[in-house]
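*Asks:* following is a predicted model, sequence given first.
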Amino acid sequence: MIAKALSLRLDLFFFGLFLLVGLIMRFTANPQPSIVAFELAGNLEKANTLIQQWGPEGQRLARRSLYWDFPFILAYSLGLALLLFRAYNWSLHLYLPYLLIAAIAALPLLAGLLDVGENLCLLQLLNGKQAEWLPLAARRLALIKFSFVGIAVLVVLAGKVAQQCVSRS
């Protein structure tokens with residue numbers, strides 16, 4: 001009973017943190033073109049073009065967005081990992097071994113680490129470092145991160161669907 005209450009409190013904490021940081025990021029100004037275009041630039045020429053298009057104000061907004069991303073990373077990576085274990089308890093224990101869920105639950109944590117690396121690359125670019133590997137590394141880290149988060153979200157959704165199917169039978 002205590003473990004269940006603690007689990008619920010942790011879920012609520014990370015959901016609240018995710019929501020708070022998401023709202024702050026949503027309702028504050030962001031550079032145009034978006035930070036996602038910067039993440040996926042892939043080469044120095046495209047990254048520098050975006051930085052020049054932003055100008056000083058857009059660069060300030062991009063830098064702020066990247067710094068706000070750090071608490072967001074903590075919220076989504078830990079929250080999604082906890083949700084995966086909850087999905088296992090909902091119904092996935094009927095279909096998947098625990099070790100597989102534990103391995104899948106590592107994906108959001110790895111995605112968070114990749115996101116930190118990506119942000120550090122992008123901040124270096126915003127600070128004027130001209131290294132061809134930075135935008136390429138940021139792009140690769142972002143694509144792997146998006147893949148890991150996508151897999152984790154699909155497994156959580158599968159757990160919820162399976163729960164509905166089990167409860168109907």
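*Replies:* Cool, got the structure. The structure displayed is predicted, hence computed values, not measured ones. Residues are numbered from 1 along each chain as shown.

*Asks:* what packs against the strand or helix carrying residue 154?
*Replies:* Using DSSP states H and E, residue 154 falls within helix 133-168. Helix 133-168 sits against helix 35-39, helix 44-90, helix 98-126, with contacts defined as 3 or more CB pairs under 8 Å, 6 or more residues apart in numbering; DSSP states H and E. Bear in mind the C-beta positions are built from the backbone N, C-alpha and C, glycine included.

*Asks:* of all the residues in it, which ones are buried?
*Replies:* 134-142, 144-146, 148-149, 152, 155-156, 158-160, 162-163 (16 or more other CB atoms under 10 Å).

*Asks:* now the angle from it to helix 44-90?
*Replies:* Put simply, helix 133-168 runs at 20 degrees to helix 44-90, going by axes from the mean of the first three to the mean of the last three CA atoms, to 10 degrees.

*Asks:* tell me the mean pLDDT over helix 133-168?
*Replies:* Averaging pLDDT along helix 133-168 yields 91.

*Asks:* what angle separates that helix from helix 98-126?
*Replies:* 150 degrees.

*Asks:* just how off-centre is helix 133-168 within its chain?
*Replies:* Taking the mean of its C-alpha atoms, helix 133-168 sits 9 Å from the chain's own mean (CA atoms, centre = their mean, to the nearest Å).

*Asks:* what do you get for stretch 130-142?
*Replies:* Worked out by CA atoms, centre = their mean, stretch 130-142 lies 18 Å from the chain centre.

*Asks:* for stretch 54-64, same thing?
*Replies:* 21 Å.

*Asks:* do the same with stretch 109-122
*Replies:* With CA atoms, centre = their mean, you get 9 Å for stretch 109-122.

*Asks:* how about stretch 59-78?
*Replies:* 10 Å.

*Asks:* C-alpha coordinates for that stretch, CSV please?
*Replies:* In CSV, the C-alpha atoms belonging to stretch 59-78 read as follows (Å, rounded to 0.1, in the frame of the first residue of the first chain):
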residue,chain,number,x,y,z
GLN,A,59,19.7,33.6,-30.4
ARG,A,60,18.9,34.8,-26.9
LEU,A,61,15.5,33.0,-27.1
ALA,A,62,17.1,29.9,-28.5
ARG,A,63,19.7,29.9,-25.7
ARG,A,64,16.9,30.3,-23.1
SER,A,65,14.9,27.5,-24.7
LEU,A,66,17.9,25.2,-24.5
TYR,A,67,18.4,26.0,-20.8
TRP,A,68,14.7,25.5,-20.0
ASP,A,69,15.0,22.1,-21.8
PHE,A,70,17.2,20.7,-19.0
PRO,A,71,14.5,20.5,-16.3
PHE,A,72,12.1,19.3,-19.0
ILE,A,73,14.5,16.4,-19.8
LEU,A,74,14.5,15.4,-16.2
ALA,A,75,10.7,15.4,-16.1
TYR,A,76,10.1,13.5,-19.3
SER,A,77,12.8,10.9,-18.9
LEU,A,78,12.0,9.9,-15.4
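
*Asks:* this completes my enquiry, with thanks.
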